[in-house]
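*Asks:* structure of the sequence below:
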Amino acid sequence: MPEQTIETLVVAPHRDDFSEIVEVLHRIKKLSIEVHWAPDVDAAVGNANSGNFGIIFVDDHFGQRRVENFLAELEKEACVTPVILLISNRERTDDLDAAIEKAAGYLDRHKLNPQQCEHAIREAIALKKAAQQVRESESRLRGIFYGAAIGIALFSPEGQIVEPNPALTKITGFSDEELCVFYLKDFFEQGASSRVNELFSELIEGRRDFIQVEERFRHKAGRDLWIRITVSQYKDLQMPVGFGVGLFEDITERRQAEEKVKLAGKQMRELSRKILDAQEDERKRVAQEIHDSIGGHLAAIKFALEEKLESMGQNPSSARISLEKIISYVDEAISESRRISVNLRPSLLDDLGLLATISWFCREFEKVHMDLQIEQQLEVQEDEIPEMSKVVIYRVLQEAMNNVAKHSDATQVRLRLAKSGNRIELSVADNGCGFDPEEQFLESTAVSGFGLLGMRDRTILCDGRFEIVSKKGEGTTVHISLPCDGTPTDG
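*Replies:* You can find the predicted model right below:
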């Protein structure tokens, strides 16, 4: 039973030729063929364009020139019906070669048989179907190309725009004709053009998958834009070399928003630094007040009491005993005021510098915590440490050591302060019980009110890096890294 009915147009100058062709076509058993005759090639163009025919047979008895013209006319009219030539004149000419090039296939007129015709018809219909799918795919791609909201451009192997889409003309303000003069390098600052050409060559040669950059571009109207450009390779199987496909996205609003966020972050960091500086200045002032005023007055009271006690001689009266107790209380008050003052701001830090303060701090710490041994490695010069970083280093050390004493059960601490490249590195490592930093970070509180979060935030404000490495049962290491120039970046 025939598979399908195929409307067939036979273009032949004589009825005998037409009848002979029809007789062969009707002997095809697996295809049902409805045959129509067009005795004139000019009239056949109109019939072919009706779109009702599945295939067209053209007899070359019209003459090879007229057949070639007929096929050229069909091509001009965008006729999609496949054409099979029936060649009786075996002499090959330029006209015949041109006709064969335009046709879907050709058969020897003198050797025509049903099997050949069936094979040619099936092959031509398959080619027509494939061509139709290609046209539909191209139509979809064209729709995407011209309808896309993002700018798209096809680049030649030399990097010149061959075809831009409407979105690219809208983004840049330049017309299609103006953009087709542009090369990829023209979207970049002059100093980067040679590097862009190099990258594009690598892309076309297949040594790079894509190029993606964000670049400032001057709109035709004169305003600055930020454009993200992504270029990948497009290979046409009919072309010996590849093309470049560029995607252009206007990211001006995003970059402006990022700049605002960046500026706000910079302002916030600057404010935080000023707050910390003000806090340190206030601590310094209060510590000085305690030392000079309260401490001075307490010392004066103590000296006066001691003088009074000495004038009483060795008489163990109740008054003498009372004065001795008062003196002991005053001693305690003096010691406490000195401790508070040092915690607020050790005067050594301003008078002798960070290295001397660290050494003093470790000695005092060991006096209080006699079961703890501190190993110091101070491998940096005082003048190599920026003033801004000195307070941060001291506060981090102070807090880290307080945590060791309170929580670690450690017996040994290794303290190292050194210069590494253009950075100052501080590490405080103990052999204590360790902890899970993730669990403790948000719960961080300390006597000084500084805590883990405070250590981290102070470090980051000075463009530093902060790290805690700890594991239960394996001790803890606090590490910070600060820039040698002491100048925070904007990032």
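
*Asks:* so which bits of stretch 454-467 are buried?
*Replies:* Residues of stretch 454-467 classed as buried by neighbour count (16 or more other Cβ atoms under 10 Å): 454, 455, 456, 458, 459, 461, 462, 463, 464, 466. Using the backbone N, CA and C atoms, a C-beta is placed for each residue, glycine as well.

*Asks:* quick one, helices of the stretch 101-250 of the chain?
*Replies:* Using DSSP state H, counting those that start in this stretch, the helices assigned to the stretch 101-250 of the chain run over residues 114-147, 166-172, 176-179, 193-204.

*Asks:* tell me the mean pLDDT over the strand of greatest length in the chain?
*Replies:* Taking DSSP state E as the criterion, the chain has its longest strand at strand 224-234. What strand 224-234 shows for mean pLDDT is 89.

*Asks:* helices or strands up against it?
*Replies:* strand 151-155, helix 166-172, helix 193-204, strand 210-218, strand 243-250, helix 252-289 (3 or more Cβ pairs under 8 Å, 6 or more residues apart in numbering; DSSP states H and E).

*Asks:* avg pLDDT for the first one?
*Replies:* So the one you mean is strand 151-155. Averaged across strand 151-155, pLDDT comes to 92.

*Asks:* kindly report the same for the fourth one.
*Replies:* The average pLDDT within strand 210-218 is 88.

*Asks:* next: the fifth one.
*Replies:* Taken as a whole, strand 243-250 has a mean pLDDT of 91.

*Asks:* just want the angle from that strand to helix 114-147.
*Replies:* Computed by axes from the mean of the first three to the mean of the last three Cα atoms, to 10 degrees, the angle separating strand 243-250 from helix 114-147 equals 30 degrees.

*Asks:* returning to what we had before: between the helices of the stretch 101-250 of the chain, which one is nearest to residue 479?
*Replies:* Taking Cβ to Cβ, helix 193-204 is the member of those nearest to residue 479, at 37.7 Å.

*Asks:* how about the closest one: buried residues?
*Replies:* 196, 197, 199, 200, 203, 204.

*Asks:* not counting its neighbours along the chain, what's nearest the first one?
*Replies:* The shortest distance from residue 196 to any residue that is not its chain neighbour, by Cβ to Cβ, 6 or more residues apart in numbering, is 4.7 Å, and that residue is residue 185.

*Asks:* touching, that neighbour and residue 193? I think so.
*Replies:* Yes: with contact defined as Cβ atoms under 8 Å, residue 185 counts as touching residue 193 (3.9 Å).

*Asks:* shared neighbours, the two?
*Replies:* With Cβ atoms under 8 Å, 6 or more residues apart in numbering applied, the contact sets of residue 185 and residue 193 do not overlap.

*Asks:* got the CA coordinates for stretch 7-27 in PDB?
*Replies:* The C-alpha trace of stretch 7-27 is given here as PDB (Å, rounded to 0.1, in the frame of the first residue of the first chain):
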ATOM      1  CA  GLU A   7       1.700  16.100  -5.900                       C
ATOM      2  CA  THR A   8       4.300  16.200  -8.700                       C
ATOM      3  CA  LEU A   9       4.900  18.800 -11.400                       C
ATOM      4  CA  VAL A  10       6.600  17.600 -14.600                       C
ATOM      5  CA  VAL A  11       8.000  20.400 -16.700                       C
ATOM      6  CA  ALA A  12       8.400  19.000 -20.300                       C
ATOM      7  CA  PRO A  13       8.000  20.600 -23.700                       C
ATOM      8  CA  HIS A  14       6.300  17.700 -25.400                       C
ATOM      9  CA  ARG A  15       3.400  15.500 -24.400                       C
ATOM     10  CA  ASP A  16       5.300  12.400 -25.500                       C
ATOM     11  CA  ASP A  17       8.100  13.300 -23.100                       C
ATOM     12  CA  PHE A  18       5.500  14.000 -20.400                       C
ATOM     13  CA  SER A  19       3.700  10.700 -21.000                       C
ATOM     14  CA  GLU A  20       7.000   8.800 -20.900                       C
ATOM     15  CA  ILE A  21       8.000  10.300 -17.600                       C
ATOM     16  CA  VAL A  22       4.500   9.700 -16.100                       C
ATOM     17  CA  GLU A  23       4.600   6.100 -17.100                       C
ATOM     18  CA  VAL A  24       7.800   5.500 -15.100                       C
ATOM     19  CA  LEU A  25       6.500   7.500 -12.100                       C
ATOM     20  CA  HIS A  26       3.200   5.400 -12.000                       C
ATOM     21  CA  ARG A  27       5.200   2.200 -11.700                       C
END
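
*Asks:* contacts for it next, please.
*Replies:* 33-41, 44, 47-48, 52-59, 61-62, 70, 81, 86, 112-114, 117.

*Asks:* return the most buried member of the helices and strands packed on strand 224-234.
*Replies:* Ranked by mean neighbour count, these are led by strand 151-155 with a mean of 21 (mean count of other Cβ atoms under 10 Å).

*Asks:* that one pairs with which strands, parallel or anti?
*Replies:* Sheet partners assigned to strand 151-155 using DSSP bridges are listed as strand 161-164 (antiparallel), strand 243-250 (antiparallel).

*Asks:* residue 28 is nearest to which of these?
*Replies:* Taking the strands paired with strand 151-155 one by one with Cβ to Cβ, strand 243-250 is closest: 44.2 Å.

*Asks:* would you mind getting the angle between the closest one and helix 193-204?
*Replies:* 130 degrees.

*Asks:* and the angle for strand 243-250 with strand 210-218?
*Replies:* 50 degrees.

*Asks:* domains in the protein, by residue range?
*Replies:* 5-142, 148-250, 269-345, 348-491 (automatic domain parsing).

*Asks:* kindly reformat the ones you listed as CSV containing distance to residue 257.
*Replies:* Shown next, in CSV, are the domains of the chain (distance: least, Cβ to Cβ, whole Å):
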stretch, distance to residue 257
domain 5-142, 33
domain 148-250, 11
domain 269-345, 19
domain 348-491, 16
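
*Asks:* the helices of the stretch 101-250 of the chain: lowest mean pLDDT?
*Replies:* Ranked by mean pLDDT, the helices of the stretch 101-250 of the chain bottom out at helix 193-204, with a mean of 82.

*Asks:* for it, the distance to its chain's centre please.
*Replies:* 20 Å (Cα atoms, centre = their mean, to the nearest Å).

*Asks:* what's next to that helix, contact-wise?
*Replies:* The contact list for helix 193-204 (Cβ under 8 Å, 6+ apart) reads 155, 157, 159, 184-186, 188, 208-211, 231-233, 241-244.

*Asks:* recalculate using a threshold of 7 Å.
*Replies:* 157, 159, 184, 185, 188, 208, 211, 231, 233, 241, 242, 244 (Cβ atoms under 7 Å, 6 or more residues apart in numbering).

*Asks:* what is the most widely separated pair among those?
*Replies:* Greatest spacing in the contacts of helix 193-204, by Cβ to Cβ: 188 and 241 (22.6 Å).

*Asks:* comparing these two, which residue is more hemmed in?
*Replies:* Neighbour count, other Cβ atoms under 10 Å: between residue 188 and residue 241, residue 188 has more, with 19 against 12.
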